[in-house]
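Q: predicted model and sequence follow; I will ask about them next.
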Amino acid sequence: MLSKIIKQADIDHFTKWFERAEKIVIVSHVSPDGDAIGSSLGLWHFLCSQDKTANVIVPNAFPDFLKWMPGSKDILLYDKYKEFADQLLAEADVICCLDFNAIHRIDAMGDAVLASPARKILIDHHLDPEPFCQIIISHPEISSTSELVFRLICRMGYFNEITKEGAECIYTGMMTDTGGFTYNSNNREIYFIISELLSKGIDKDAIYRKVFNTYSESRLRLMGYVLSQMRVYTDCNAALISLTKKEQRRFNYVRGDSEGFVNIPLSIKNVVFSCFLREDTEKPMIKISLRSVGTFPCNQVAAEFFNGGGHLNASGGEFYGTLEEAREVFEAAIRQYKPLLTAAQP
(Lines give C-alpha, C1' and ligand atoms only; values in the text may rest on other atoms or scores of the structure.)
Protein backbone atom coordinates (compact mmCIF):
# COMPACT_ATOMS: atom_id res chain seq x y z
CA MET A 1 0.00 0.00 0.00
CA LEU A 2 1.09 3.55 -0.72
CA SER A 3 0.93 6.27 1.88
CA LYS A 4 -1.52 9.04 1.03
CA ILE A 5 0.95 11.80 0.27
CA ILE A 6 -1.43 13.98 -1.77
CA LYS A 7 -4.14 15.79 0.20
CA GLN A 8 -7.59 14.29 -0.21
CA ALA A 9 -9.03 17.77 -0.81
CA ASP A 10 -6.75 18.16 -3.84
CA ILE A 11 -7.73 14.72 -5.13
CA ASP A 12 -11.43 15.57 -4.81
CA HIS A 13 -10.96 19.01 -6.38
CA PHE A 14 -9.11 17.70 -9.43
CA THR A 15 -11.52 14.76 -9.81
CA LYS A 16 -14.40 17.23 -10.21
CA TRP A 17 -12.46 19.14 -12.86
CA PHE A 18 -11.53 15.90 -14.62
CA GLU A 19 -15.11 14.64 -14.72
CA ARG A 20 -16.42 17.87 -16.24
CA ALA A 21 -13.56 18.66 -18.62
CA GLU A 22 -13.53 17.75 -22.27
CA LYS A 23 -10.33 19.46 -23.41
CA ILE A 24 -7.22 19.07 -21.26
CA VAL A 25 -3.75 20.40 -22.08
CA ILE A 26 -0.57 19.19 -20.38
CA VAL A 27 2.47 21.48 -20.34
CA SER A 28 6.00 21.01 -19.05
CA HIS A 29 9.26 22.90 -18.80
CA VAL A 30 11.80 24.17 -21.33
CA SER A 31 14.41 21.63 -22.49
CA PRO A 32 12.22 18.74 -21.33
CA ASP A 33 13.97 15.83 -19.62
CA GLY A 34 12.87 12.27 -18.96
CA ASP A 35 10.62 13.17 -16.05
CA ALA A 36 8.97 16.03 -17.92
CA ILE A 37 8.18 13.82 -20.92
CA GLY A 38 7.45 10.71 -18.85
CA SER A 39 5.00 12.40 -16.50
CA SER A 40 3.32 14.30 -19.33
CA LEU A 41 2.84 11.22 -21.50
CA GLY A 42 1.88 9.08 -18.53
CA LEU A 43 -0.94 11.48 -17.74
CA TRP A 44 -1.79 11.88 -21.44
CA HIS A 45 -2.27 8.13 -21.91
CA PHE A 46 -4.59 8.03 -18.91
CA LEU A 47 -6.66 10.98 -20.13
CA CYS A 48 -6.95 9.46 -23.59
CA SER A 49 -8.18 6.19 -22.05
CA GLN A 50 -11.01 8.20 -20.49
CA ASP A 51 -12.08 9.68 -23.84
CA LYS A 52 -10.74 13.15 -23.07
CA THR A 53 -9.32 15.38 -25.78
CA ALA A 54 -5.79 15.72 -24.45
CA ASN A 55 -2.67 17.42 -25.82
CA VAL A 56 0.90 17.70 -24.55
CA ILE A 57 2.76 20.93 -25.29
CA VAL A 58 6.41 21.61 -24.37
CA PRO A 59 8.42 24.77 -25.09
CA ASN A 60 11.03 23.16 -27.32
CA ALA A 61 12.53 19.90 -28.51
CA PHE A 62 13.43 17.01 -26.24
CA PRO A 63 16.31 14.48 -26.56
CA ASP A 64 16.26 11.77 -29.20
CA PHE A 65 16.66 9.01 -26.61
CA LEU A 66 13.12 9.80 -25.37
CA LYS A 67 11.44 9.67 -28.78
CA TRP A 68 10.76 5.93 -28.54
CA MET A 69 8.19 6.62 -25.82
CA PRO A 70 4.59 5.84 -26.79
CA GLY A 71 2.85 9.09 -27.72
CA SER A 72 6.02 11.14 -28.14
CA LYS A 73 5.20 11.82 -31.79
CA ASP A 74 2.03 13.59 -30.69
CA ILE A 75 3.83 16.11 -28.47
CA LEU A 76 3.50 19.66 -29.76
CA LEU A 77 6.59 21.90 -29.73
CA TYR A 78 5.61 25.45 -28.81
CA ASP A 79 8.55 27.10 -30.58
CA LYS A 80 7.49 25.49 -33.88
CA TYR A 81 3.68 25.59 -33.65
CA LYS A 82 2.99 28.60 -31.45
CA GLU A 83 -0.27 29.67 -33.11
CA PHE A 84 -1.88 26.24 -32.88
CA ALA A 85 -0.56 25.73 -29.34
CA ASP A 86 -1.96 29.11 -28.23
CA GLN A 87 -5.36 28.09 -29.60
CA LEU A 88 -5.30 24.80 -27.69
CA LEU A 89 -4.35 26.59 -24.48
CA ALA A 90 -7.05 29.23 -24.93
CA GLU A 91 -9.75 26.59 -25.56
CA ALA A 92 -8.69 24.20 -22.78
CA ASP A 93 -10.98 23.41 -19.86
CA VAL A 94 -8.04 22.33 -17.69
CA ILE A 95 -4.28 22.90 -17.98
CA CYS A 96 -2.01 20.49 -16.13
CA CYS A 97 1.39 22.04 -15.35
CA LEU A 98 3.90 19.25 -14.79
CA ASP A 99 7.46 19.18 -13.44
CA PHE A 100 8.07 22.91 -12.99
CA ASN A 101 7.54 25.29 -10.10
CA ALA A 102 7.69 28.74 -11.73
CA ILE A 103 6.00 30.16 -14.81
CA HIS A 104 9.31 31.30 -16.36
CA ARG A 105 10.30 27.62 -16.61
CA ILE A 106 7.99 27.22 -19.61
CA ASP A 107 9.64 30.15 -21.37
CA ALA A 108 7.56 31.97 -24.00
CA MET A 109 4.59 29.66 -23.41
CA GLY A 110 4.04 31.20 -19.97
CA ASP A 111 2.01 34.16 -21.22
CA ALA A 112 -0.45 31.92 -23.07
CA VAL A 113 -0.86 29.63 -20.04
CA LEU A 114 -1.53 32.56 -17.71
CA ALA A 115 -3.94 34.18 -20.18
CA SER A 116 -6.00 31.03 -20.64
CA PRO A 117 -9.32 30.92 -18.74
CA ALA A 118 -8.73 27.20 -18.10
CA ARG A 119 -8.55 25.82 -14.59
CA LYS A 120 -4.93 25.04 -13.75
CA ILE A 121 -3.27 22.36 -11.63
CA LEU A 122 0.42 22.13 -10.75
CA ILE A 123 1.95 18.70 -10.18
CA ASP A 124 5.61 18.98 -9.26
CA HIS A 125 8.40 17.94 -6.90
CA HIS A 126 10.57 21.07 -6.82
CA LEU A 127 10.88 23.46 -3.90
CA ASP A 128 8.93 26.72 -3.51
CA PRO A 129 6.16 26.53 -6.15
CA GLU A 130 4.76 29.82 -7.43
CA PRO A 131 0.98 30.28 -6.87
CA PHE A 132 -0.14 30.45 -10.52
CA CYS A 133 -2.46 27.42 -10.30
CA GLN A 134 -5.67 26.87 -8.33
CA ILE A 135 -4.57 23.37 -7.28
CA ILE A 136 -0.95 22.90 -6.23
CA ILE A 137 0.29 19.35 -5.68
CA SER A 138 3.90 19.98 -4.70
CA HIS A 139 5.99 17.34 -2.91
CA PRO A 140 9.78 17.91 -3.05
CA GLU A 141 10.32 14.76 -1.01
CA ILE A 142 8.97 12.61 -3.86
CA SER A 143 11.44 11.16 -6.38
CA SER A 144 9.83 12.53 -9.52
CA THR A 145 6.77 14.17 -10.99
CA SER A 146 6.09 10.88 -12.76
CA GLU A 147 5.70 9.21 -9.36
CA LEU A 148 3.23 11.92 -8.36
CA VAL A 149 1.23 11.35 -11.55
CA PHE A 150 1.03 7.64 -10.70
CA ARG A 151 -0.10 8.44 -7.17
CA LEU A 152 -2.72 10.90 -8.42
CA ILE A 153 -4.23 8.45 -10.90
CA CYS A 154 -4.37 5.73 -8.27
CA ARG A 155 -5.88 7.97 -5.63
CA MET A 156 -8.58 8.95 -8.11
CA GLY A 157 -9.42 5.25 -8.34
CA TYR A 158 -8.14 4.58 -11.86
CA PHE A 159 -5.17 2.24 -11.39
CA ASN A 160 -6.83 -0.36 -13.62
CA GLU A 161 -7.04 2.20 -16.41
CA ILE A 162 -3.28 2.74 -16.53
CA THR A 163 -2.18 1.16 -19.81
CA LYS A 164 1.11 -0.54 -20.56
CA GLU A 165 2.09 2.50 -22.64
CA GLY A 166 1.29 4.88 -19.82
CA ALA A 167 3.20 2.70 -17.37
CA GLU A 168 6.26 2.73 -19.65
CA CYS A 169 6.23 6.53 -19.66
CA ILE A 170 5.79 6.82 -15.89
CA TYR A 171 8.59 4.32 -15.26
CA THR A 172 10.91 6.20 -17.63
CA GLY A 173 10.30 9.45 -15.77
CA MET A 174 10.99 7.84 -12.41
CA MET A 175 14.11 6.08 -13.69
CA THR A 176 15.69 9.10 -15.35
CA ASP A 177 15.01 11.52 -12.49
CA THR A 178 16.80 9.24 -10.03
CA GLY A 179 19.78 8.41 -12.23
CA GLY A 180 18.58 4.86 -12.72
CA PHE A 181 17.48 4.74 -9.07
CA THR A 182 20.94 5.70 -7.77
CA TYR A 183 19.94 8.89 -5.91
CA ASN A 184 16.81 10.31 -4.29
CA SER A 185 15.41 6.79 -4.39
CA ASN A 186 15.63 5.28 -0.90
CA ASN A 187 11.90 5.41 -0.22
CA ARG A 188 10.68 1.80 -0.33
CA GLU A 189 7.37 2.94 -1.84
CA ILE A 190 9.22 3.69 -5.08
CA TYR A 191 9.83 -0.02 -5.48
CA PHE A 192 6.22 -0.86 -4.69
CA ILE A 193 5.26 1.48 -7.55
CA ILE A 194 7.79 -0.22 -9.85
CA SER A 195 6.20 -3.54 -8.95
CA GLU A 196 2.78 -2.19 -9.89
CA LEU A 197 4.13 -0.82 -13.18
CA LEU A 198 5.68 -4.22 -13.95
CA SER A 199 2.23 -5.72 -13.48
CA LYS A 200 1.16 -3.69 -16.51
CA GLY A 201 3.61 -5.63 -18.67
CA ILE A 202 6.47 -3.14 -19.00
CA ASP A 203 10.00 -4.39 -19.67
CA LYS A 204 12.15 -2.23 -17.42
CA ASP A 205 15.40 -3.69 -18.81
CA ALA A 206 14.39 -2.77 -22.35
CA ILE A 207 13.42 0.72 -21.20
CA TYR A 208 16.86 1.17 -19.63
CA ARG A 209 18.55 0.13 -22.88
CA LYS A 210 16.41 2.49 -24.96
CA VAL A 211 17.23 5.44 -22.72
CA PHE A 212 20.86 4.84 -21.78
CA ASN A 213 22.32 2.56 -24.47
CA THR A 214 21.19 4.04 -27.79
CA TYR A 215 23.58 6.97 -28.18
CA SER A 216 25.62 7.83 -31.26
CA GLU A 217 29.33 7.23 -31.79
CA SER A 218 29.94 10.98 -31.71
CA ARG A 219 28.31 11.17 -28.26
CA LEU A 220 30.75 8.59 -26.90
CA ARG A 221 33.70 10.44 -28.41
CA LEU A 222 32.35 13.69 -26.95
CA MET A 223 32.20 12.07 -23.52
CA GLY A 224 35.83 11.00 -23.79
CA TYR A 225 36.87 14.50 -24.80
CA VAL A 226 34.93 16.18 -22.00
CA LEU A 227 36.41 13.84 -19.40
CA SER A 228 39.92 14.47 -20.73
CA GLN A 229 39.42 18.18 -19.91
CA MET A 230 38.00 17.52 -16.43
CA ARG A 231 39.29 19.47 -13.44
CA VAL A 232 39.40 17.74 -10.07
CA TYR A 233 39.69 19.84 -6.91
CA THR A 234 41.02 17.21 -4.52
CA ASP A 235 41.19 19.58 -1.56
CA CYS A 236 37.45 20.27 -1.91
CA ASN A 237 36.25 16.80 -3.02
CA ALA A 238 34.79 18.39 -6.15
CA ALA A 239 35.11 18.10 -9.93
CA LEU A 240 34.24 20.26 -12.93
CA ILE A 241 33.59 19.46 -16.58
CA SER A 242 32.62 21.89 -19.34
CA LEU A 243 31.59 22.12 -22.96
CA THR A 244 31.78 25.11 -25.32
CA LYS A 245 29.64 25.75 -28.39
CA LYS A 246 32.70 25.23 -30.57
CA GLU A 247 33.28 21.83 -29.00
CA GLN A 248 29.64 20.91 -29.48
CA ARG A 249 29.93 21.67 -33.20
CA ARG A 250 33.14 19.66 -33.43
CA PHE A 251 31.38 16.54 -32.13
CA ASN A 252 28.09 17.06 -34.03
CA TYR A 253 26.24 17.65 -30.78
CA VAL A 254 22.49 17.03 -30.73
CA ARG A 255 20.11 17.70 -27.87
CA GLY A 256 20.60 15.14 -25.13
CA ASP A 257 24.14 14.10 -26.08
CA SER A 258 25.54 15.40 -22.78
CA GLU A 259 22.82 13.77 -20.67
CA GLY A 260 24.37 12.10 -17.64
CA PHE A 261 27.84 13.61 -18.09
CA VAL A 262 27.57 15.48 -14.79
CA ASN A 263 27.23 12.20 -12.89
CA ILE A 264 30.46 10.65 -14.17
CA PRO A 265 32.97 12.56 -11.97
CA LEU A 266 31.11 11.28 -8.90
CA SER A 267 32.60 7.85 -9.64
CA ILE A 268 36.01 9.23 -8.57
CA LYS A 269 36.94 8.21 -5.03
CA ASN A 270 36.18 11.02 -2.53
CA VAL A 271 34.50 13.31 -5.08
CA VAL A 272 31.12 14.27 -3.60
CA PHE A 273 30.23 17.27 -5.79
CA SER A 274 30.24 17.54 -9.59
CA CYS A 275 29.51 20.51 -11.86
CA PHE A 276 28.92 20.58 -15.62
CA LEU A 277 29.08 23.91 -17.46
CA ARG A 278 27.70 23.98 -21.01
CA GLU A 279 27.42 26.94 -23.35
CA ASP A 280 23.81 27.06 -24.49
CA THR A 281 23.34 26.94 -28.26
CA GLU A 282 20.08 28.91 -28.23
CA LYS A 283 20.61 31.59 -25.58
CA PRO A 284 23.65 33.65 -24.50
CA MET A 285 24.14 31.81 -21.23
CA ILE A 286 25.85 28.91 -19.51
CA LYS A 287 23.69 25.96 -18.42
CA ILE A 288 24.69 24.68 -15.01
CA SER A 289 24.17 21.08 -13.91
CA LEU A 290 25.10 20.06 -10.37
CA ARG A 291 25.17 16.65 -8.73
CA SER A 292 26.28 15.45 -5.32
CA VAL A 293 26.33 12.31 -3.24
CA GLY A 294 25.59 11.80 0.41
CA THR A 295 24.74 14.82 2.49
CA PHE A 296 26.19 17.66 0.42
CA PRO A 297 23.39 20.10 -0.60
CA CYS A 298 24.12 21.00 -4.21
CA ASN A 299 20.75 22.78 -4.38
CA GLN A 300 22.07 25.40 -1.95
CA VAL A 301 25.01 26.07 -4.25
CA ALA A 302 22.65 26.32 -7.23
CA ALA A 303 20.45 28.85 -5.46
CA GLU A 304 23.26 30.96 -4.00
CA PHE A 305 25.60 31.11 -6.99
CA PHE A 306 23.68 30.19 -10.14
CA ASN A 307 20.12 31.53 -9.75
CA GLY A 308 18.84 27.99 -9.68
CA GLY A 309 17.67 25.25 -7.38
CA GLY A 310 16.52 21.67 -7.27
CA HIS A 311 17.05 18.74 -4.98
CA LEU A 312 19.69 17.87 -2.41
CA ASN A 313 21.72 15.72 -4.82
CA ALA A 314 20.54 17.00 -8.20
CA SER A 315 20.05 20.62 -9.20
CA GLY A 316 20.84 23.21 -11.83
CA GLY A 317 20.88 26.84 -12.79
CA GLU A 318 21.93 29.44 -15.32
CA PHE A 319 24.81 31.88 -15.63
CA TYR A 320 24.93 34.91 -17.90
CA GLY A 321 28.57 35.49 -18.72
CA THR A 322 31.51 33.60 -20.16
CA LEU A 323 32.39 30.00 -19.46
CA GLU A 324 35.56 31.14 -17.71
CA GLU A 325 33.55 33.47 -15.47
CA ALA A 326 31.17 30.63 -14.61
CA ARG A 327 34.16 28.46 -13.75
CA GLU A 328 35.48 31.18 -11.44
CA VAL A 329 32.09 31.36 -9.70
CA PHE A 330 32.11 27.60 -9.21
CA GLU A 331 35.60 27.73 -7.75
CA ALA A 332 34.50 30.51 -5.38
CA ALA A 333 31.53 28.35 -4.37
CA ILE A 334 33.60 25.30 -3.50
CA ARG A 335 36.03 27.44 -1.51
CA GLN A 336 33.10 28.79 0.48
CA TYR A 337 31.59 25.33 0.95
CA LYS A 338 34.91 23.57 1.57
CA PRO A 339 34.09 22.67 5.21
CA LEU A 340 30.85 20.97 4.12
CA LEU A 341 32.48 19.33 1.12
CA THR A 342 35.30 17.81 3.14
CA ALA A 343 32.90 16.69 5.87
CA ALA A 344 30.23 15.27 3.55
CA GLN A 345 29.69 11.52 3.75
CA PRO A 346 29.51 9.82 0.34
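A: Right, received. Where do you want to start?

Q: now do the strands in the stretch 1-150 of the chain.
A: Assigned strands in the stretch 1-150 of the chain, in chain order: 23-28, 53-58, 76-77, 94-98, 119-124, 135-138 (criterion: DSSP state E, counting those that start in this stretch).

Q: what's the offset of the second one from the middle of its chain?
A: For strand 53-58, the distance from its own C-alpha centre to the chain's C-alpha centre is 17 Å (C-alpha atoms, centre = their mean, to the nearest Å).

Q: low-confidence stretches in the chain?
A: Applying pLDDT under 70 to the chain flags the ranges 345-346.

Q: all helices of it, in order?
A: 8-20, 34-49, 82-91, 110-115, 145-155, 164-176, 188-198, 204-212, 217-228, 245-250, 298-305, 323-336, 338-343 (DSSP state H).

Q: the inter-axis angle of the longest one versus strand 53-58?
A: Yep, that's helix 34-49 we're talking about. 170 degrees (axes from the mean of the first three to the mean of the last three C-alpha atoms, to 10 degrees).

Q: residue with max distance from the center of this structure?
A: residue 235 (31.4 Å; C-alpha atoms, centre = their mean).

Q: against residue 302, how distant is the residue nearest to that residue when sequence neighbours are not counted?
A: Using C-beta to C-beta, 6 or more residues apart in numbering and skipping the chain neighbours, the partner closest in space to residue 235 is residue 338 (7.4 Å). To be clear about C-beta, it is placed using only N, CA and C from the backbone, and glycine gets the same treatment. The spacing between residue 338 and residue 302, counted by C-beta to C-beta, to the nearest Å, is 17 Å.

Q: neighbour-wise, which of these two wins?
A: residue 302 (24 against 15; other C-beta atoms under 10 Å).

Q: so that one sits against residue 317, correct?
A: Yes - counting by C-beta atoms under 8 Å, residue 317 is a contact partner of residue 302 at 4.5 Å.

Q: identify the contacts common to these two.
A: Overlap of the contact sets of residue 302 and residue 317 (by C-beta atoms under 8 Å, 6 or more residues apart in numbering) consists of 288, 290, 308-309.

Q: from the residues you listed, pick the one nearest residue 342.
A: residue 290 (17.6 Å; C-beta to C-beta).

Q: quick one, what contacts the closest one?
A: Contacts of residue 290 by C-beta under 8 Å, 6+ apart are 262, 273-276, 298-299, 301-302, 306, 308, 310, 314-317.

Q: just the buried subset of the residues you listed, please.
A: Among the contacts of residue 290, those buried by neighbour count (16 or more other C-beta atoms under 10 Å) are 262, 273-276, 298-299, 301-302, 306, 308, 310, 314-317.

Q: nearest to residue 331 among the residues you listed?
A: residue 275 (9.7 Å).

Q: quick revisit: pick the one among the shared contacts of residue 302 and residue 317 closest to residue 327.
A: For the shared contacts of residue 302 and residue 317, the nearest to residue 327 is residue 288 (10.8 Å; C-beta to C-beta).

Q: for the closest one, list each beta-bridge partner.
A: Residue 288 has these beta-bridge partners by DSSP bridges: residue 277, residue 317.

Q: again, but for the one 4 residues further on
A: Each beta-bridge partner of residue 292 is listed here, defined by DSSP bridges: residue 273.

Q: so it makes contact with residue 272?
A: Yes - the pair residue 292 / residue 272 is scored as a contact, 5.8 Å apart, by C-beta under 8 Å.

Q: more neighbours: the two, which one.
A: The residue with more neighbours, out of residue 292 and residue 272, is residue 292; 29 against 25, by other C-beta under 10 Å.

Q: ok, now how distant is the more buried one from residue 62?
A: From residue 292 to residue 62 the distance is 25 Å (C-beta to C-beta).

Q: swap in residue 330?
A: 27 Å.

Q: what does residue 75 give?
A: From residue 75 to residue 62 the distance is 7 Å (C-beta to C-beta).

Q: show me whatever sits in contact with both of the two.
A: By C-beta under 8 Å, 6+ apart, the residues touching both residue 75 and residue 62 are residue 37.

Q: please produce TSV containing the helices of the chain, extended by distance to residue 26.
A: Formatted as TSV, the helices of the chain follow (distance: least, C-beta to C-beta, whole Å):
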stretch	distance to residue 26
helix 8-20	13
helix 34-49	5
helix 82-91	10
helix 110-115	11
helix 145-155	10
helix 164-176	12
helix 188-198	19
helix 204-212	21
helix 217-228	29
helix 245-250	30
helix 298-305	26
helix 323-336	33
helix 338-343	38
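
Q: between the ones you listed, which one is closest to residue 284.
A: With C-beta to C-beta as the yardstick, what comes closest out of the helices of the chain is helix 245-250 (10.3 Å).

Q: elements contacting that closest one?
A: With contacts defined as 3 or more C-beta pairs under 8 Å, 6 or more residues apart in numbering; DSSP states H and E, the packing partners of helix 245-250 are helix 217-228, strand 273-279.

Q: of these, flag the one that's most buried.
A: Counting by mean count of other C-beta atoms under 10 Å, strand 273-279 has the highest mean neighbour count of the helices and strands packed on helix 245-250, with a mean of 25.

Q: which neighbouring elements make contact with it?
A: Against strand 273-279 (3+ C-beta pairs under 8 Å, 6+ apart) you get strand 238-243, helix 245-250, strand 286-292, helix 323-336.
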